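Q: No letters, just coordinates:
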C-alpha cells in the first residue's frame, strides 16, 4: 500500500497542472508552474454568448490601447488606460492605485495564455495594506451557434506581504473581490466587443475627443470610417 500513495499523489499533482503548460517556452513554463504550485486562489468564469464576430474580438485583443479607450467610452469602471512596453508586454492602470502588467506567452486560434503581475495600493481594495500578486491566465474563446463565448481560468499567487499574519483575516475577502472583478472584466470585454461589431461608427467621434492618437489610429485601421 505504501507504494500506492506516492503514485496517487503524483497523479493528483499532474491533474492539477494545466495541460497547456507544455506548450509554453521553457522560461514561461517555469514561471507559470511556480504560480500554479504556489496558487492561493484558483478561479474560472464563462461569458454568456454575445453577438460579436470572433475576428473582431481577435483584433481588439491585439490592440489593448484601443480596447482600453473603448472600455472608457462605454463608461465601465474603473476607467483603465493601457500602455505598450518595448518588449511587447502591456500594462493597464486606473490611475487610482490599481495596475497590472500582462505578457502574452502563448497564442493559438481560440486560446491565449498570459502571465500577469498586479498590484493594488493600500486602500484600493479596502485593505489597509497593498496587495500584489502574480497570475497565470488562460483565456479560451470561440464563436458558437449562439454567438461569441469565452472561458477564463486564473491561478493567483499572492505576494509575501499578503501572506503575513496580520493579513490572513483578509484572504477570503481578497479572493472574493478578485473573483468578482475578473468575472466583471471578462463579461464587459465581450460586451464592448459586441457594441463595436454592431455599430462601430458610434466609437469614432468619442475616440477623437478622447485624444489618444494611437487608439484612434488603431480604430481607423480596424474599423474603416465610411
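A: Cool, got the structure. As the structure is a prediction and not an experimental result, all values here were calculated from the model.

Q: mind checking the end-to-end distance for stretch 123-132?
A: This stretch, stretch 123-132, spans 13 Å end to end (C-alpha to C-alpha, to the nearest Å).

Q: Average pLDDT for it, rounded please.
A: Model confidence over stretch 123-132, given as mean pLDDT, is 85.

Q: roughly how far out does that stretch sit from the chain middle?
A: 20 Å (C-alpha atoms, centre = their mean, to the nearest Å).

Q: Pull out the buried residues from it.
A: By neighbour count with 16 or more other C-beta atoms under 10 Å, stretch 123-132 contains the buried residues 124-125, 127, 129-132. In short, each C-beta sits where N, CA and C put it, glycine included.

Q: Surely residue 88 and residue 107 touch.
A: No: Residue 88 is not in contact with residue 107 according to C-beta atoms under 8 Å; the separation is 11.5 Å.

Q: of the two, who's got more company?
A: Regarding residue 88 and residue 107, a neighbour count based on other C-beta atoms under 10 Å identifies residue 107 as having more, with 14 against 8.

Q: show me where pLDDT drops low in the chain?
A: 1-15, 160-168, 226 (pLDDT under 70).

Q: quick one, phi/psi of the most centrally placed residue in it?
A: For the chain, the residue nearest the mean C-alpha position is residue 137 (6.4 Å; C-alpha atoms, centre = their mean). The phi and psi torsions at residue 137 (degrees, to the nearest 10) take the values phi -120, psi 120.

Q: and residue 154, what does it touch?
A: Contacts for residue 154 (C-beta atoms under 8 Å, 6 or more residues apart in numbering) come out as 41-44, 135-138, 182.

Q: And the strands in this protein?
A: With DSSP state E as the definition, the chain shows strands at residue ranges 41-46, 81-84, 90-93, 98-108, 111-120, 131-144, 147-158.

Q: which other residues reach the fifth one?
A: When you say that, I think you mean strand 111-120. Judged by C-beta under 8 Å, 6+ apart, the contacts made with strand 111-120 from elsewhere in the structure are 20, 23-24, 28, 31-32, 35, 61, 97-107, 127, 130-141.

Q: Can I get the buried residues of stretch 123-132 in a markdown table including distance to residue 72?
A: Shown next, in a markdown table, are those (distance: C-beta to C-beta, whole Å):
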| residue | distance to residue 72 |
| --- | --- |
| 124 | 18 |
| 125 | 21 |
| 127 | 26 |
| 129 | 29 |
| 130 | 25 |
| 131 | 24 |
| 132 | 25 |
